[in-house]
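Chemist: Predicted coordinates and the sequence they were generated for:
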Amino acid sequence: ISVSTAVVMLFCGPAIKAIGDNQNYARGRHVAIRVKSALISAVYKKSLTVDLTTLNEGVGKVNNLISVDVAAMQEFIAYSHFLWSTPYEIFICMTLLFLVLGSAALSGLLVMIVFLFVGLIITKKLEDYQTELLDNKDK
């Protein structure tokens with residue numbers, strides 16, 4: 001593959017990706033809404049048969065827990081394609097960059113790996129702060 005072909009692919013790739021991502025978001029949201037409706041319907045039918053006097057919690061708290069779990073499931077379904085598409089996209093981009101830049105592309109890979117770990121550390125800290133905040137709200 002020539003350098004000019006790789007450069008054209010690096011230019012056209014994001015445009016094609018944008019079109020594909022747009023379709024994937026629309027279809028993912030459609031499926032997620034259908035799954036959310038089915039889950040809410042199933043939980044509602046089950047809640048009609050449960051004796052609420054045996055629960056220590058009220059109906060409102062149970063409904064809140066259900067809605068949070070269903071929303072989390074909806075988000076997972078809508079964005080689960082990133083689990084396979086992101087590593088694939090990184091591999092293709094790094095291959096094309098290596099063809100264009102040679103071994104200098106490895107420094108870009110190193111920077112991506114470093115910032116991946118920085119992002120993981122920041123995400124963990126934010127998760128800890130959010131857990132602490134929710135614990136303090138419950139008191």
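Modeler: Yes, it's here.
Chemist: So for the helix-or-strand element of the chain with minimal mean pLDDT, what gets flagged as buried?
Modeler: Every helix and strand in the chain was compared by mean pLDDT, DSSP states H and E; the lowest is helix 59-79, with a mean of 79. Using 16 or more other Cβ atoms under 10 Å as the burial criterion, the residues of helix 59-79 that qualify are 66, 70, 74, 77, 78. C-beta here means a position set from N, CA and C on the backbone, and glycine is covered the same way.
Chemist: Determine how far that helix lies from the middle of the whole chain.
Modeler: Centroid separation between helix 59-79 and its chain, computed with Cα atoms, centre = their mean, to the nearest Å, is 15 Å.
Chemist: Now that helix - C-alpha only, CSV.
Modeler: Extracted in CSV, the C-alpha atoms of helix 59-79 (Å, rounded to 0.1, in the frame of the first residue of the first chain):
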residue,chain,number,x,y,z
VAL,A,59,-43.1,0.5,46.6
GLY,A,60,-41.4,3.8,45.6
LYS,A,61,-37.9,2.6,46.6
VAL,A,62,-38.4,-0.7,44.7
ASN,A,63,-39.6,1.2,41.6
ASN,A,64,-36.6,3.6,41.8
LEU,A,65,-34.2,0.6,42.0
ILE,A,66,-35.9,-1.0,39.0
SER,A,67,-35.8,2.2,36.9
VAL,A,68,-32.1,2.7,37.6
ASP,A,69,-31.3,-0.9,36.7
VAL,A,70,-33.4,-0.7,33.5
ALA,A,71,-31.8,2.5,32.5
ALA,A,72,-28.3,1.0,33.0
MET,A,73,-29.3,-2.0,30.8
GLN,A,74,-30.6,0.4,28.2
GLU,A,75,-27.4,2.3,28.1
PHE,A,76,-25.3,-0.9,27.9
ILE,A,77,-27.4,-2.1,24.9
ALA,A,78,-27.1,1.2,23.1
TYR,A,79,-23.4,1.5,23.4
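Chemist: Which other helices and strands does it contact?
Modeler: For helix 59-79, the elements it packs on are helix 3-49, judged by 3 or more Cβ pairs under 8 Å, 6 or more residues apart in numbering; DSSP states H and E.
Chemist: Centre-most residue in the protein?
Modeler: Centrality entry for the chain: nearest residue to the mean C-alpha point is residue 79, 4.4 Å, by Cα atoms, centre = their mean.
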